[in-house]
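Engineer: can't give you the sequence, but here's the structure:
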Ligand SMILES: Nc1ncnc2c1ncn2[C@@H]1O[C@H](COP(=O)(O)OP(=O)(O)OP(=O)(O)O)[C@@H](O)[C@H]1O
C-alpha cells in the first residue's frame with residue numbers, strides 16, 4: 001500500500017505555543033485512522049495544515065506524491081470541521097448542494113438516504129438545528145463526498161449515544177462498500193476502538209504513539225502487586241504509568257508478555273490484567289512518553 005498523505009517534520013507555532021512540533025504522520029490508502037489527543041493537543045492545527053487551511057512554519061505535507069503549497073486546497077480531501085462554518089440562513093439541502101460542487105465522487109442518492117437515516121429535514125435552516133444535528137450535516141457531507149481522504153474532526157459532538165452508534169455503523173458499512181482513507185479525530189477512544197484500524201495518539205504537539213488498535217490491545221497490561229516485586233518485574237519493561245498505595249503498586253506496561261513472563265509474575269505475586277484502551281490512552285498522556 002502506498003502512502004497517500006505524509007507529514008514530514010511538521011511544525012506550527014502560535015506565539016509561544018508550539019501547537020505542532022516535529023510531527024511525522026503517514027496515511028495509507030483504504031485505512032480508517034483515529035487521531036486521539038486531549039484538549040489542546042494540536043489535533044485541529046494538524047488537520048488544518050493537512051487540508052490546506054493553515055501553512056506549517058516548517059516541514060512539508062505530501063499528498064499523492066505532490067507537496068502541498070501555501071494557499072493550495074488539496075484535491076480529493078473532504079474535511080468535516082469541528083466548528084462548521086455554514087451560513088446560518090441557508091437550508092440543509094443548500095449546504096449539501098454547495099458541498100457537492102467541491103467533491104467529484106459526491107453521491108446524491110447516498111446523501112438523500114443519509115438525510116432520512118439521520119432524520120434531518122432538508123428544508124430546515126442551519127441556524128434552527130441543534131449542535132448534534134449540525135454535526136450530522138457535516139457528517140453527511142463527509143460520507144456522501146466519498147473523497148479519497150475524509151477527515152472528521154470530533155464528528156459526534158452533541159450527538160446522543162444512539163446517534164453516535166448509528167453514525168459509526170453507517171461509516172463502517174459505507175467504508176466496506178467504498179474503501180477509502182478516513183481519519184477520525186476525537187478524544188473518545190473507546191467509542192472509535194471498534195471502528196479504526198490504526199491510531200495516532202497526540203499530545204502537546206507531538207505524536208506519542210502510532211500503532212494498530214489490535215496491537216495496542218494485545219500489548220497493554222495493568223499489573224498489581226507488591227512494590228518491591230513490581231520493581232523487579234518491570235525493571236526492563238516499558239512502564240507507561242506507576243502508582244503506589246501503601247506497599248502496593250499499580251503499574252501499566254506496554255509490550256509483549258510471554259508465557260515465561262506470566263510464570264515469573266505469578267511467582268512474584270503480581271496479577272496481570274488487560275488495560276482498557278481509554279485507560280491506556282489516559283496513562284500514556286499522563287506519562288507524556290513517546291513510544292517509538
Ligand atoms: N489561532 C490560534 N491562535 C493562538 N493559539 C492557538 C490557535 N489555534 C490553536 N492554538 C493553540 O494551539 C494549541 C493546540 O490547539 P488545537 O486546537 O490544535 O488543539 P486540539 O487538539 O484540536 O484541541 P481540542 O480537542 O480542544 O479541539 C492550543 O494550546 C491552542 O490554544
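Structural biologist: That came through fine. From a predicted model like this one, the values you see are computed outputs, not experimental measurements. Numbers count the residues shown, from 1 in each chain.
Engineer: So which residues of the chain form strands?
Structural biologist: In the chain, the strands defined using DSSP state E lie at 3-14, 17-28, 32-36, 58-63, 66-67, 77-80, 149-153, 181-186, 198-203, 206-212, 220-226, 238-245, 248-254, 271-274.
Engineer: List the buried residues in stretch 87-102.
Structural biologist: For stretch 87-102, the buried set under the neighbour-count rule, 16 or more other Cβ atoms under 10 Å, comprises 91-96, 99-100. Placement of C-beta: from N, CA and C, glycine included.
Engineer: Please state the mean pLDDT value computed over that stretch.
Structural biologist: Per-region confidence: stretch 87-102 scores 92 on mean pLDDT.
Engineer: Same check on stretch 225-234?
Structural biologist: 96.
Engineer: can you list the strands of the chain in JSON lines and add mean neighbour count and distance to the ligand?
Structural biologist: Shown next, in JSON lines, are the strands of the chain (neighbours: other Cβ atoms under 10 Å; distance: least, Cβ to the nearest ligand atom, whole Å):
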{"stretch": "strand 3-14", "mean neighbour count": "18", "distance to the ligand": "3"}
{"stretch": "strand 17-28", "mean neighbour count": "19", "distance to the ligand": "3"}
{"stretch": "strand 32-36", "mean neighbour count": "25", "distance to the ligand": "9"}
{"stretch": "strand 58-63", "mean neighbour count": "17", "distance to the ligand": "16"}
{"stretch": "strand 66-67", "mean neighbour count": "11", "distance to the ligand": "22"}
{"stretch": "strand 77-80", "mean neighbour count": "24", "distance to the ligand": "13"}
{"stretch": "strand 149-153", "mean neighbour count": "25", "distance to the ligand": "7"}
{"stretch": "strand 181-186", "mean neighbour count": "24", "distance to the ligand": "7"}
{"stretch": "strand 198-203", "mean neighbour count": "23", "distance to the ligand": "7"}
{"stretch": "strand 206-212", "mean neighbour count": "19", "distance to the ligand": "12"}
{"stretch": "strand 220-226", "mean neighbour count": "20", "distance to the ligand": "22"}
{"stretch": "strand 238-245", "mean neighbour count": "15", "distance to the ligand": "20"}
{"stretch": "strand 248-254", "mean neighbour count": "20", "distance to the ligand": "23"}
{"stretch": "strand 271-274", "mean neighbour count": "12", "distance to the ligand": "27"}
